[in-house]
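> Need coordinates for the below:
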Amino acid sequence: MASRIMKIEPLLRVNYHFHWQMSYRLSEPRFLRAGTELQAVAWYDNSKANAHNPNAQAEVRWGEQTYDEMMVGFFDVAVPAEVDKQHFFIRKKGQQQVR
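Sure thing, here's the model as predicted:
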C-alpha cells in the first residue's frame with residue numbers, strides 16, 4: 001500500500017506454495033484513505049538453487065497452465081451500506097489518478 005506521501009507498507013507477504021493459492025485475507029480489515037494506491041508485486045526464483053524448479057534454463061512466461069507463471073493481483077473492497085455503489089469507483093471528468 002502506498003499513501004499520498006509515498007510511504008510504502010506491505011499488507012501481505014506470501015511465500016508461495018502451489019496448494020495454498022486460493023486467497024489470502026488480512027487478519028483485520030484496513031481502512032484506506034482517499035488516494036491510497038494498492039500494488040501487487042511478485043518475483044520468481046527461476047534459478048538452479050530453487051529445488052522446485054525443473055529447468056533453470058527454460059524461459060518462464062505468463063499463462064494459464066501449471067507450468068506457466070500465473071500471478072494475478074486482485075483485491076476486494078468493502079464500502080459502507082449507505083454509499084452509492086453504482087458511482088463509488090467512477091472517476092469524474094477531469095479527475096486524475098493520484099500517483
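> Kindly provide the whole-number mean pLDDT of stretch 23-36.
Here stretch 23-36 scores 82 as its mean pLDDT.
> start to end distance for it?
End-to-end distance of stretch 23-36 (C-alpha to C-alpha, to the nearest Å): 22 Å.
> how much space between His17 and Glu28?
To Glu28, His17 is 23 Å away according to C-beta to C-beta, to the nearest Å. Just so you know, the C-beta spots here come from the backbone N, C-alpha and C atoms, and that holds for glycine as well.
> the more surrounded of those two?
Between His17 and Glu28, counted using other C-beta atoms under 10 Å, His17 has the larger neighbour count: 8 against 5.
> how much space is there between that one and Met70?
Using C-beta to C-beta, His17 is found at 14 Å from Met70.
> Same question for Val79.
As defined by C-beta to C-beta, Val79 lies at a distance of 29 Å from Met70.
> Over to Val14?
Distance, Val14 to Met70, using C-beta to C-beta: 14 Å.
> Residue ranges in the chain under the pLDDT threshold?
Low-confidence segments of the chain (pLDDT under 70): 1-5, 21-22, 93-99.
> contacting residues around Val72?
For Val72, the contact set (C-beta atoms under 8 Å, 6 or more residues apart in numbering) comprises Ala40.
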